[in-house]
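1. Following is a predicted model, sequence given first.
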Amino acid sequence: MPVEPAITALLARYGPLPPLPVDRAHVEQLREQGRALAEDLVPIEVGAVEDGALPGPAGEIPVRVYRPEGADGPVPTVVFFHGGGWVAGDLDSHDQITRRLCRDVRAVVVAVHYRRAPEHPFPAPLDDCLAAARHVAEHRDDYGGGRLAVAGDSAGANTAAVTALVFRDERRPLDAQLLAYPPTDCSGTRSHPSRTENGEGYFLTTETIEELQRVYAGGDPGALRSWRISPLLAPDFTGVAPAVIGTVQYDPLRDEGRAYAEALADAGTDVFHRTYDGLVHGFLSLFEQSPASDAATAELFAQLAERLRP
């Protein structure tokens, strides 16, 4: 299937990501481009939105808490980690996504703004996400009191996948994980054909992915082979929380996302996985401009809601 026409128009409008390398001179340009996608959107109405902070390993972690309208009794809680290649993305760039997640799933959503590379490379972003998720898990009654999930898109999906593995290892209850177009193998030790097939021309290029991974790892190739950066390399997937995974046809990361869904399913995990034709990496940010992105977002959120029912 060709790229959806609405997506083609957006690719022409926004153009490619800023030039490489991703050094400090380009970081703000990347961050501004992420914020630009969210400009001029009419915020989706939810019951309440409040900015706050949670305790973290290096000080307070900024969060934004969304509560659904008309909640009567316990509701699920979703801890959400934004995408942006561990370099860009923030609470504002993903505000419309988390509002829709709150509305569609009828859940309290705790959006986490973790420290970002290159100022704070691995493990700082992951450490913040883990600290936030643990805090919410330990104070669940303050955030809905129902079932608990982690979720994220792109780099945030990577961190959500690692968080689910850590929660399994720590024997912390976790009821679901939502992973949208996740990078799961940054090691370079396995072949994923989509990194070549979709390596350029679809906004996110393979070259950019590899540079962002290098920056996240602080330039340490060995770190990229850790399952805490490449969750597909985890030694065991048994007992991991049920997963909802969305991959897309025209994404360099498509095949490693598929491989992760297969690894979880082979280990006995309940997995819903769909590869959406005609779409590109980042479609959660495009649901108001792209009918196919809207339908894909609706299905993923509905699948998550099903797994979070009492």
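-> Everything's here; your move. Residues are numbered from 1 along each chain as shown.

2. switch to C-alpha atoms for all contacts and neighbour counts from now on
-> Noted.

3. Do you have the strands of the stretch 101-250 of the chain handy? List them.
-> Applying DSSP state E, counting those that start in this stretch to the stretch 101-250 of the chain gives strands spanning 108-112, 145-153, 176-180, 243-250.

4. Tell me which of the ones you listed sits nearest to R13.
-> Smallest distance to R13 across the strands of the stretch 101-250 of the chain (Cα to Cα): 17.7 Å, for strand 243-250.

5. What pairs with the closest one, parallel or antiparallel?
-> strand 176-180 (parallel), strand 271-280 (parallel) (DSSP bridges).

6. what about the residue nearest to A223 when sequence neighbours are not counted, neighbour count?
-> Nearest residue to A223 in three dimensions, chain neighbours excluded: A217, at 5.9 Å (Cα to Cα, 6 or more residues apart in numbering). Neighbours of A217 under the rule other Cα atoms under 10 Å: 23.

7. Could you point out the helix or strand that follows the helix or strand bottoming out on mean pLDDT in the chain?
-> None of the helices or strands of the chain scores lower by mean pLDDT, DSSP states H and E than helix 24-36, at a mean of 77. Sequence order places strand 48-56 as the next helix or strand after helix 24-36, per DSSP states H and E.

8. Next SSE downstream of that following strand?
-> strand 59-67.

9. got the buried residues for that following strand?
-> Within strand 59-67, the residues that qualify as buried by neighbour count (16 or more other Cα atoms under 10 Å) are I61, P62, V63, R64, V65, Y66, R67.

10. State the helix or strand in which A295 lies.
-> helix 291-307.

11. Run through the neighbouring helices and strands of that helix.
-> When contacts are defined as 3 or more Cα pairs under 8 Å, 6 or more residues apart in numbering; DSSP states H and E, helix 291-307 packs onto helix 95-105, strand 176-180, strand 243-250, strand 271-280.

12. would you turn those into JSON lines with mean neighbour count, distance to L300 and mean pLDDT?
-> What follows is the helices and strands packed on helix 291-307, written out as JSON lines (neighbours: other Cα atoms under 10 Å; distance: least, Cα to Cα, whole Å; pLDDT from 0 to 100):
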{"stretch": "helix 95-105", "mean neighbour count": "23", "distance to L300": "10", "mean pLDDT": "98"}
{"stretch": "strand 176-180", "mean neighbour count": "27", "distance to L300": "8", "mean pLDDT": "98"}
{"stretch": "strand 243-250", "mean neighbour count": "25", "distance to L300": "7", "mean pLDDT": "98"}
{"stretch": "strand 271-280", "mean neighbour count": "20", "distance to L300": "9", "mean pLDDT": "98"}
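
13. I'd like the ones you listed laid out as TSV, including distance to A292.
-> Below are the helices and strands packed on helix 291-307 laid out as TSV (distance: least, Cα to Cα, whole Å):
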stretch	distance to A292
helix 95-105	15
strand 176-180	15
strand 243-250	11
strand 271-280	7
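
14. What about T206, how many residues nearby?
-> Around T206 there are 20 residues (other Cα under 10 Å).

15. So which residues make contact with stretch 95-113?
-> 38, 41, 43-46, 61-69, 71, 75-82, 90-91, 129, 132, 143-144, 284-285, 298, 301-302, 304-305 (Cα atoms under 8 Å, 6 or more residues apart in numbering).

16. Tell me, how many residues neighbour the closest residue to F283 other than its chain neighbours?
-> Leaving aside its sequence neighbours, F283 sits nearest to S293 (Cα to Cα, 6+ apart; 5.4 Å). Burial of S293 is recorded as 24 neighbouring residues (other Cα under 10 Å).

17. thinking again about what came up before, got the angle for the helix holding A295 vs strand 176-180?
-> 170 degrees (axes from the mean of the first three to the mean of the last three Cα atoms, to 10 degrees).

18. May I have helix 291-307 exported as PDB, CA atoms only?
-> Extracted C-alpha coordinates of helix 291-307, given in PDB (Å, rounded to 0.1, in the frame of the first residue of the first chain):
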ATOM      1  CA  PRO A 291      -7.500   9.400   8.900                       C
ATOM      2  CA  ALA A 292      -5.400   6.200   8.900                       C
ATOM      3  CA  SER A 293      -3.400   7.500  11.800                       C
ATOM      4  CA  ASP A 294      -6.600   8.300  13.700                       C
ATOM      5  CA  ALA A 295      -8.000   4.700  13.100                       C
ATOM      6  CA  ALA A 296      -4.700   3.100  14.200                       C
ATOM      7  CA  THR A 297      -4.600   5.200  17.300                       C
ATOM      8  CA  ALA A 298      -8.200   4.300  18.200                       C
ATOM      9  CA  GLU A 299      -7.500   0.600  17.800                       C
ATOM     10  CA  LEU A 300      -4.300   0.600  19.900                       C
ATOM     11  CA  PHE A 301      -6.000   2.600  22.700                       C
ATOM     12  CA  ALA A 302      -9.100   0.400  22.600                       C
ATOM     13  CA  GLN A 303      -6.900  -2.700  22.900                       C
ATOM     14  CA  LEU A 304      -5.100  -1.100  25.900                       C
ATOM     15  CA  ALA A 305      -8.500  -0.300  27.500                       C
ATOM     16  CA  GLU A 306      -9.600  -3.900  27.100                       C
ATOM     17  CA  ARG A 307      -6.600  -5.100  29.000                       C
END
